[in-house]
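Engineer: Okay, here's the prediction I keep looking at, along with the sequence it came from:
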Amino acid sequence: MVHRFISDLREGEIVESVYLVREKSFDITKNGNPYISLELSDKTGMVDCRKWDALKSLFDSFSVDDFIKVKAKVEFYRNYPQLKIDSIEKTSEKSVDISLYMPVSDRNRDEMFEDFLSNMKLIKNSHLKALINGIFLDKDVSEKFRTAPAASDFHHPYIGGLVEHTLACVKLAKLIASEYKDIDLDLLLCGTALHDIGKIEELSYKRSFYYTDKGRLIGHIVLGVNIVSAAIDNIPEFPEELKNLILHIILSHHGEHEWGSPKRPMCFEAVILHHIDNLDAKINGFKHFVKTYNEPDSSWTKPSKMFGESLYKKSLLTSQGSVADEG
């Protein structure tokens, strides 16, 4: 059976294909009829689905993160596809090509990691250099860092997303430091490299992306502080003030309390990193949302939770040229 990618679904067609279950619920209509609500995915996107007049036994026959074979009709609602499911059958993972379901960075993960390590060689401070090496030269950490997504949905939500995001932030940090005086480049580079390290424990990414129990209960900011604090404790005579500054940069990188930041940025490098992190996340988030929710016949996407608005797609450069070129 040839897989039918979600991004290629067309209105009115009958689909028979295998998808990954991201979310599921069993509900009752106003008329008292039971139905199953699903969010299914593959590496090209997600699609909402309904199985009307469904039995609870069918709902209980599969779980989130299972693969299911569905036969369904494609219907469009507000310009986006939905599946009206006729049948559902749980499918064994052994019969599935997992590469069809896991979104992966377009860039080579090993090459990005080597580029990242090369940039870390710019750090001159011996204590910060030892900290970076102690964390990123650990085989288990480096493998997770190269594999993890940077988020489950909003930005860099794909295998290799964490190293891609971190590398981009490091390069932005270098650029900003070249334009503005009085920046402690060692501190900024080290803080940038480590700001999201807690995501290697916050997110699960073996099949679909979701938050681990530890991730939900503690969060990547505190998890990152714990990882870095433990690494610092293994470095003899690590300066107390330097430790406090590195931990503060991690603790404050979300910027505001309402954005999940335990502290607001209070040192120069922390302020800079917060805006670098936000900028790269927003740029990638915009492009990812446009790609995921691309309606060819409209200049707009559906509303984005990240931006709070529908996005004007033509503001992106396309293969046909820029908006200015079209004028």
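Structural biologist: Cool, got the structure.

Engineer: Provide the count of other residues in contact range of residue 144.
Structural biologist: 18 (other Cβ atoms under 10 Å). In this view, the C-beta of every residue, glycine as well, is placed from N, C-alpha and C.

Engineer: Next, count neighbours for residue 132.
Structural biologist: Neighbour count for residue 132, taken as other Cβ under 10 Å: 22.

Engineer: if I've got this straight, it is in a helix?
Structural biologist: Yes. Assignment of residue 132 by DSSP: H, G, I helix; E, B strand; the rest coil places it within a helix.

Engineer: Backbone dihedrals for the closest residue in space to it that isn't next to it in sequence, please?
Structural biologist: Leaving aside its sequence neighbours, residue 132 sits nearest to residue 120 (Cβ to Cβ, 6 or more residues apart in numbering; 5.0 Å). Note on residue 120: its backbone torsions stand at phi -70, psi -20 [degrees, to the nearest 10].

Engineer: ok, residue 120 - contacts?
Structural biologist: Neighbouring residues of residue 120 by Cβ atoms under 8 Å, 6 or more residues apart in numbering: 129, 132, 136, 170, 189, 193.

Engineer: from the residues you listed, which is closest to residue 115?
Structural biologist: Closest approach between the contacts of residue 120 and residue 115, by Cβ to Cβ: residue 170, at 8.8 Å.

Engineer: what comes into contact with the host helix or strand of that closest one?
Structural biologist: Applying DSSP states H and E as the criterion places residue 170 in helix 161-179. The contact list for helix 161-179, computed with Cβ under 8 Å, 6+ apart, reads 105, 107, 109, 112-113, 115-116, 119-120, 122, 145-151, 155-156, 183, 185, 188-189, 192-193, 195-196, 199-200, 272-273, 276-277, 279-281, 284.

Engineer: which residues of the stretch 201-327 of the chain fall in strands?
Structural biologist: 203-204, 210-211 (DSSP state E, counting those that start in this stretch).

Engineer: what about the protein, any weak spots by pLDDT?
Structural biologist: Within the chain, the ranges that satisfy pLDDT under 70 run 207-208, 294-296, 315, 317-327.

Engineer: list the helices and strands the longest helix seen in it packs on?
Structural biologist: Using DSSP state H to define each element, the chain has its longest helix at helix 268-292. Under the contact definition 3 or more Cβ pairs under 8 Å, 6 or more residues apart in numbering; DSSP states H and E, helix 268-292 sits against helix 161-179, helix 185-194, helix 240-251.

Engineer: Let's see the shortest one as CSV, backbone CA atoms only.
Structural biologist: Presented in CSV, the C-alpha positions along helix 185-194 are these (Å, rounded to 0.1, in the frame of the first residue of the first chain):
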residue,chain,number,x,y,z
LEU,A,185,31.4,36.9,24.0
ASP,A,186,32.5,33.9,26.1
LEU,A,187,29.5,34.3,28.4
LEU,A,188,27.1,34.9,25.6
LEU,A,189,28.2,31.9,23.5
CYS,A,190,28.2,29.6,26.5
GLY,A,191,24.8,30.7,27.7
THR,A,192,23.4,30.5,24.1
ALA,A,193,24.8,27.0,23.7
LEU,A,194,23.2,25.8,27.0
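
Engineer: Report the buried residues of it.
Structural biologist: Going by neighbour count (16 or more other Cβ atoms under 10 Å), the buried part of helix 185-194 is 185, 186, 187, 188, 189, 190, 191, 192, 193, 194.

Engineer: tell me what it is packed against?
Structural biologist: helix 109-120, helix 126-136, helix 161-179, helix 240-251, helix 268-292.

Engineer: so which of these gets nearest residue 40?
Structural biologist: Of these, the one closest to residue 40 (Cβ to Cβ) turns out to be helix 268-292, at 13.9 Å.

Engineer: Now stretch 219-234: buried residues?
Structural biologist: Within stretch 219-234, judged by 16+ other Cβ under 10 Å, the buried ones are 219, 220, 221, 222, 223, 224, 225, 227, 228, 231, 232.
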